[in-house]
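Asker: Give me a 3D structure for the following:
(2 chains)
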Amino acid sequence: MRTDVIVVGAGPAGLAAAAALAEAGRQVRVIARGNGFTHWSPGAVDVLARAGGEPVDRPLDGISRLPERHPYRLLGDEVLRRAIDGFQRFVAAAGLAYEGSLDQSRRQVTALGTLRPTCLVPAPAARPLAGRVAVVGFAGFRDFSPTLCARGLRDAGHQTSVHTVELPTWKHERNFTAIDLARAIDDAGFRGRLADGLGRATRDAEVAVVPAVLGLATRHEAWADLERRTGTALIEAALVPPSIPGVRLYAVWLARLRELGVRVQLGFPVTGVEVADGAVTAVVSEGASRPIVTRCKEVVLATGGVAGRGIEARRDGSLVETVAGLPVRGFPERVDYLADRFLDDHPLGAAGVVVDAGLRPLDTAGEPALRGLRCVGGLLADHDPTAEGSREGVALATATRAAERLAAVPV
Amino acid sequence: MADLETQVVVVGGGATGTAVLRDLALRGIDAVLVERADLGTGTSGRWHGLLHSGGRYVVKDPVSATECIEENMALRRIAPHCIEDTGGLFVLLPENDQSYGDAFVEACAKTGVPCEELTPAQARKREPQLAPNLSRVFAVPDGTLDGWKLMGGFVADATVRGARVLLRQPVVGFERDGDQIRAVRVRDMVAGGERLIGCQWVLNAAGAWAGQIATLAGGKLRMAPGKGAMVVMVGRYVRGVVNDCRMPGDGDIIVPVHEVAILGTTDVETDDPDDISVDPRDVDFMIDSAAKMVPAIATGRVLRAFSGSRPLFKPEDAGGDSRDITRAFFVLDHSERDGPGNLLSIVGGKLTTCRQMAERTVDTLVRRMSLDTPCTTGEAPIPGAEHGLHRLADPLATVERQREYGELVCECELVTRARIEAAVDEGTTELDDLRRQLRLGFGPCQAAFCGWRAAAIVEDRRPGATEPLANLERFLEERWRGQQVTTWGDGAVQALLNHAIYRGIFDLQPERESAGAKQVADAMPERRDELRVTEAAAEGES
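Answerer: Sure, this is the predicted structure:
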């Protein structure tokens, strides 16, 4: 079977690039170690929450305050606009509505009762937080405390009440996870019984904040159904991983890739590439008993930064790009990796591969390092997805650019 | 007019101070213990957790070796639940001075430390991770000791007999009448204000800080704190303690404690016992040294590094460096040295010998008080001893046996909701104190998931008692100390993922943390420096 492009990595950047390339008629295969940041981040599309340490009200306004080599500045605003438009069309068609636009930052309620800045939020997180707010937890679910969430919202000036709803009888482990609970809520019978208790708790409220566990396999249907049954607007609060809204997004991306005939191989860490005449000719991945070599014309590397294992931080302060050994600027010593305080920005968070405007890797002299390969998402240097709140925006914009450039080349 | 009257004020809530308090209580002497922070926050919370057999000292410091083996046996009697009976090995590496092997065997016999030689093959059967090329191996009755559990047991045993413990109340002065101390002045860091404790005697068990306390009381005492750094590995690697069979030196031990292995140690003389920074080169050195005994450690994941200050005392006429100072202990009667007439200082020693240190101190005291009440601390078990020796799998067995025990809040250390709720109900609301009591957040994920769950439980049980996010941030920043020197590889992945949770998902911003840090600094002015950059972990057994 012919493979034009191999996308390495199955986080937002890899999935978006694979879909765009397949839509452009390329034969695409995704090979990845496992799931990426969809499962970790709270399902929103962060574009730019902070620049130069200051909050950003309109993502596009903050771009000029970013470092010169930041991916957004390399690519330009138009690529970001096309990327966000493309994402909106994709999720709308998939029945997984998102709200928001590049014109205004939005806030997403979290389990701590904080309001995290972001750009696009899934519909279940998008209801306005106004009037009397019922904060509702589910008994026995460890990753949401209505008391703590309500305390944060109250401190932010909201009028809150605290409720815990007993879960209907269900078969589950003693220490069940968000995934277990979301699956149970997919079941219409369970959901109906849950709606009774939830309805009683939210009776006197205009809006209710609940943990983001309202169904997994049914897009946003379980959420919409519970809103109907309780007669109250429901807001899903962002939780610690695994993220249910993120897994929903992953699921529709995967369905789209299947529809487009893209083969997705998870559980195959890519360990290297084969190169001839300075260009990549194949990708080498770990198989069960031997390395597997998959030939291709182009590679899109979407393996992530240090957090995604696209880059390994070594004991001596050096950084190693784990697939193609691309040049990555290291640190004099490992003590320079991290800031003095946990909540500060960490230099390691912005470490990555330096690229040109076509996302081709550059060596230390600024010359092309390897042909037939483009880098997208968290792997790129000069941006810190966590500190900037830019993870999905950079992923989508760079995936869009890489796909456009590759699609422009005749097959 | 004193706010509180007692016979004896004990200064210092470490292993020695709590052992002294219990000894006094068992002899029917009324006492109040004052501690500047929480129990076991000084050296007693920053050590490797080794219950010494004495083997480490048989050649170099035989007095210390005998004290260790006596106390090893005593603690097994009175506090078995604080001990994991891991056993220990001394391994003679090919590069070591080979004559040390015979010297070791001979010295063990002289000092009474049981020692059995194993063939290298037998040793590797017992410890499969050992290096393949060992010259000789000796088995000794080393174990591991949960210092916080032991201190908690000492305090429980003492307070049930009427002893009192004042936490977060540092000594700020002494009221004297001629050469006699009449009262101890403490500052209440939580409620504010000062408190005067009238007393007849003061026992200075402030360990590495004993010099500061004695000076404040008008005496003269110069300590020579020896800073020791340790490295915590994810996973145990070994079943029992593994020691490098050579003269005591840097990087000579691997201690499997709970779910981790601690590599020890360095020894650097320091003027400031509050200096707990760790040099990254020491981390590399200890990993490389331990890897000579257990090669897999070279490529393992490091969890963190921390350091503590040994309470070393150099008698005025002794020379040499920190490593040459005896690990034995001394009871100093200041009336015979430098006044005041009713102050005793207990200096030197080690955690394994804390009970014996207390016994000698209180023996001296009762003589001075013209009493003859005998010590019973070596025979009477402390509360909890009925559980018998601790086994690694005990916490898991308890969770599996008792459904009502509740849900797991900290999965790494198997800390359940019920245990946290009980501790909060008893008045502990600071997450970092819950950490020491329950081992919350000690594991490989470094509080990524349990930190905020615990903050929620505190808010649930005691609404409004704390500012939950500031409390959480203090806890997270405390867990962060010591990370810079030990973060690479998988540890770096974990650090950035945790950052993605607390900064990225929960949007906790560093501005808020500065307020949290300031609160800590205000609460503990003498330790403000700890909040500086290159700091190591405030950490005990992992």
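Asker: wait, B:Gly240 sits on B:Ala123?
Answerer: No - taking contacts as Cβ atoms under 8 Å, B:Gly240 lies outside contact range of B:Ala123: 10.4 Å. Backbone N, C-alpha and C define where each C-beta goes, glycine included.
Asker: Now the common contact residues for the two.
Answerer: The contact sets of B:Gly240 and B:Ala123 overlap at B:Leu89 (Cβ atoms under 8 Å, 6 or more residues apart in numbering or on different chains).
Asker: Report whether the lowest-mean-pLDDT helix or strand in chain A contacts chain B.
Answerer: The helix or strand of chain A with the poorest confidence is strand A:54-55; it has a mean of 90 (mean pLDDT, DSSP states H and E). No - judged by Cβ under 8 Å from any Cβ of the partner chain, strand A:54-55 stays clear of chain B, getting no closer than 9.3 Å.
Asker: And the contacts of that strand?
Answerer: Residues outside strand A:54-55 that contact it (Cβ under 8 Å, 6+ apart): A:49, A:65, A:105, A:117.
Asker: What is the burial count for the second one?
Answerer: Other residues near A:Arg65 number 14, with proximity taken as other Cβ atoms under 10 Å in any protein chain shown.
Asker: which intervals of the chain have sub-threshold pLDDT?
Answerer: Using chain A here. Chain A contains residues with pLDDT under 70 at A:1, A:411.
Asker: try chain B instead
Answerer: Scanning chain B for pLDDT under 70 picks out B:316-321, B:403-406, B:511-542.
Asker: Does anything pack onto the longest helix along it? Which helices or strands?
Answerer: When chain B is parsed with DSSP state H, its longest helix is helix B:62-78. Counting contacts by 3 or more Cβ pairs under 8 Å, 6 or more residues apart in numbering or on different chains; DSSP states H and E, helix B:62-78 packs against helix B:100-111, strand B:143-145, helix B:354-368.
Asker: near chain B, which of the contacts of strand A:54-55 show up?
Answerer: Among the contacts of strand A:54-55, the ones lying near chain B by Cβ under 8 Å from any Cβ are A:Pro117.
Asker: Go through the contacts of strand A:54-55 and flag which are in strands.
Answerer: A:Pro117 (DSSP state E).
Asker: Quick check: of the contacts of strand A:54-55, which has the highest neighbour count?
Answerer: A:Ala49 (24 neighbours).
Asker: Please name the nearest non-neighbouring residue to that one.
Answerer: Once flanking residues are discounted, A:Ala49 sits nearest to A:Gly389: 2.7 Å by Cβ to Cβ, 6 or more residues apart in numbering or on different chains.
Asker: For B:Ile505, see how far away the one you found is.
Answerer: Using Cβ to Cβ, to the nearest Å, A:Gly389 is found at 11 Å from B:Ile505.
Asker: okay, the two: which has more neighbours?
Answerer: With neighbours defined as other Cβ under 10 Å, A:Gly389 and B:Ile505 compare such that A:Gly389 has more, 28 against 24.
Asker: tell me the phi and psi of that one?
Answerer: phi 60, psi 50 (degrees, to the nearest 10).
Asker: how is chain A carved up into domains?
Answerer: For chain A, automatic domain parsing gives the domain ranges A:107-241, A:303-374.
Asker: And those domains: which comes nearest B:Asp282?
Answerer: Between B:Asp282 and the domains of chain A, the tightest spacing by Cβ to Cβ is seen for domain A:303-374, at 12.3 Å.
Asker: which residues touch the residue of the stretch 1-150 of chain A found nearest chain B?
Answerer: Residue nearest to chain B within the stretch 1-150 of chain A: A:Ser145 (3.3 Å; Cβ to the nearest Cβ). Counting by Cβ under 8 Å, 6+ apart, A:Ser145 makes contact with A:111, A:137, B:453, B:456-457, B:459-460.
Asker: related to what we said a few turns ago, name the residues contacting each of A:Gly389 and B:Ile505.
Answerer: Applying Cβ under 8 Å, 6+ apart, one finds that A:Gly389 and B:Ile505 are jointly contacted by A:Arg116.
Asker: Who are the contact partners of the closest residue in space to A:Leu181 that isn't next to it in sequence?
Answerer: Using Cβ to Cβ, 6+ apart and skipping residues adjacent in sequence, the residue nearest A:Leu181 is A:Val213, 4.6 Å away. A:Val213 is in contact with A:138, A:141, A:144, A:178, A:181-182, A:185, A:236, A:239, A:244, counting by Cβ under 8 Å, 6+ apart.
Asker: ditto for A:Leu129
Answerer: Neighbouring residues of A:Leu129 by Cβ under 8 Å, 6+ apart: A:107, A:109, A:115, A:153, A:158, A:207, A:209, A:235.
Asker: any idea how far chain A is from B:Thr41?
Answerer: 20 Å (Cβ to the nearest Cβ, to the nearest Å).
Asker: sec struct for that residue, please.
Answerer: coil (DSSP: H, G, I helix; E, B strand; the rest coil).
Asker: Quick check: phi and psi at it.
Answerer: Dihedral pair for B:Thr41: phi -100, psi -10, per degrees, to the nearest 10.
Asker: in what helix or strand does B:Val231 lie?
Answerer: B:Val231 belongs to strand B:226-234 when assigned by DSSP states H and E.
Asker: helices or strands up against that strand?
Answerer: Packing partners of strand B:226-234 (3+ Cβ pairs under 8 Å, 6+ apart): strand B:260-264, strand B:268-269, helix B:280-293, strand B:302-310.
Asker: Pull out the CA atoms of it and give them to me as CSV.
Answerer: Only the C-alpha atoms of strand B:226-234 are listed here, as CSV (Å, rounded to 0.1, in the frame of the first residue of the first chain):
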residue,chain,number,x,y,z
GLY,B,226,27.3,18.1,59.1
LYS,B,227,25.1,18.6,56.1
GLY,B,228,24.2,15.3,54.5
ALA,B,229,22.5,15.1,51.1
MET,B,230,20.4,12.1,50.0
VAL,B,231,18.8,11.1,46.7
VAL,B,232,15.4,9.4,46.4
MET,B,233,14.8,6.9,43.6
VAL,B,234,11.4,5.8,42.3
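Asker: immediately after it, which helix or strand?
Answerer: Next along the chain after strand B:226-234, taking DSSP H and E as the criterion, comes strand B:241-244.
Asker: how far is that next one from where the chain is centred?
Answerer: Distance of strand B:241-244 from the chain centroid (Cα atoms, centre = their mean, to the nearest Å) equals 19 Å.
Asker: what residues does the stretch 351-500 of chain B put near chain A?
Answerer: Residues of the stretch 351-500 of chain B lying close to chain A (Cβ under 8 Å from any Cβ) are B:403, B:407-409, B:411, B:417, B:448-449, B:452-453, B:455-457, B:459-460, B:463, B:468-469, B:473, B:476-477, B:479-480, B:483-485, B:487-489, B:492-493, B:495-500.
Asker: coming back round to it: what angle do the strand holding B:Val231 and strand B:260-264 make?
Answerer: With axes from the mean of the first three to the mean of the last three Cα atoms, to 10 degrees applied, the angle from strand B:226-234 to strand B:260-264 works out at 150 degrees.
Asker: who does strand B:226-234 pair up with?
Answerer: Its sheet considered, strand B:226-234 pairs with strand B:260-264 (antiparallel), strand B:268-269 (antiparallel), strand B:302-310 (antiparallel) by DSSP bridges.
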